[in-house]
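S.K.: Provided below are the primary sequence and the corresponding predicted coordinates.
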Amino acid sequence: MVNDEIRVKEVRLIGVEGEQLGVKPIREAMQLAIEQNLDLVNVAPTAKPPVCRIMDYGKFRYEQQKKEKEARKNQKVVELKEVRFSATIDEHDYQTKLRNVVKFLNEQDKVKCTVRFRGREITHASIGQKVLERVAKETEELSSMERRPKLEGRSMIMILTPKEAK
């Protein structure tokens, strides 16, 4: 809350340089802020009495928005990438897809490895599980298994999470 929005009888006042000015009636605090061409900002409304500070509110908001923008720019959104394998995958195809899994893990993205069973392949689900376990074993220095291989309908799904960058 700022200036006239503050609806209390008295406030603990903090000056422009951060110095304590003590507990003051709200009118006196507003008068001090007006004399310095600044705003009275309620920084701790739940305190008894509420804590108000004399500051340039526009500049304060600008600084806050700048900090939030910088924080958003520096954060990494973890995406879930999917790589589909087949139960009867050949070695070269397997190596190509494994390279993609490694690339995604190096980019700090989660990887969902899926083996899709077609037709009667579903009766040999253990073959698909071996493919997924091989992927997990070959990427174990880069990743940890968030979800073990599990059969869901006609697909077997495993999720790998990148290990923390050192």
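M.R.: Received, thanks.
S.K.: residue 126: which element?
M.R.: Take DSSP states H and E as the rule and residue 126 turns out to sit in helix 125-138.
S.K.: do residue 88 as well
M.R.: Using DSSP H and E, residue 88 falls within no helix or strand.
S.K.: ditto for residue 84
M.R.: Assigned by DSSP H and E, residue 84 belongs to strand 80-86.
S.K.: what about residue 32, which SS state?
M.R.: In three-state terms, and counting by DSSP: H, G, I helix; E, B strand; the rest coil, residue 32 is helix.
S.K.: residues touching it, list them.
M.R.: 13, 21, 24, 40, 54 (C-beta atoms under 8 Å, 6 or more residues apart in numbering). For every residue, glycine as well, the C-beta is placed using N, CA and C.
S.K.: swap the cut-off to 7 Å and go again
M.R.: residue 54 (C-beta atoms under 7 Å, 6 or more residues apart in numbering).
S.K.: got a pLDDT number for it?
M.R.: Residue 32 carries a pLDDT score of 86 in this model.
S.K.: follow-up on the earlier one: which parts of the strand holding residue 84 are buried?
M.R.: Under the neighbour-count criterion of 16 or more other C-beta atoms under 10 Å, strand 80-86 has 81, 83, 85-86 buried.
S.K.: return the list of helices and strands in contact with it.
M.R.: helix 91-106, strand 110-116 (3 or more C-beta pairs under 7 Å, 6 or more residues apart in numbering; DSSP states H and E).
S.K.: which strand or helix spans the residue nearest to residue 125 when sequence neighbours are not counted?
M.R.: Spatial nearest neighbour of residue 125, excluding adjacent residues (C-beta to C-beta, 6 or more residues apart in numbering): residue 151 at 5.7 Å. If you go by DSSP H and E, residue 151 is part of strand 143-152.
S.K.: can you give the strand pairings for that strand, parallel or anti for each?
M.R.: Strand 143-152 has its sheet partners listed here by DSSP bridges as strand 155-162 (antiparallel).
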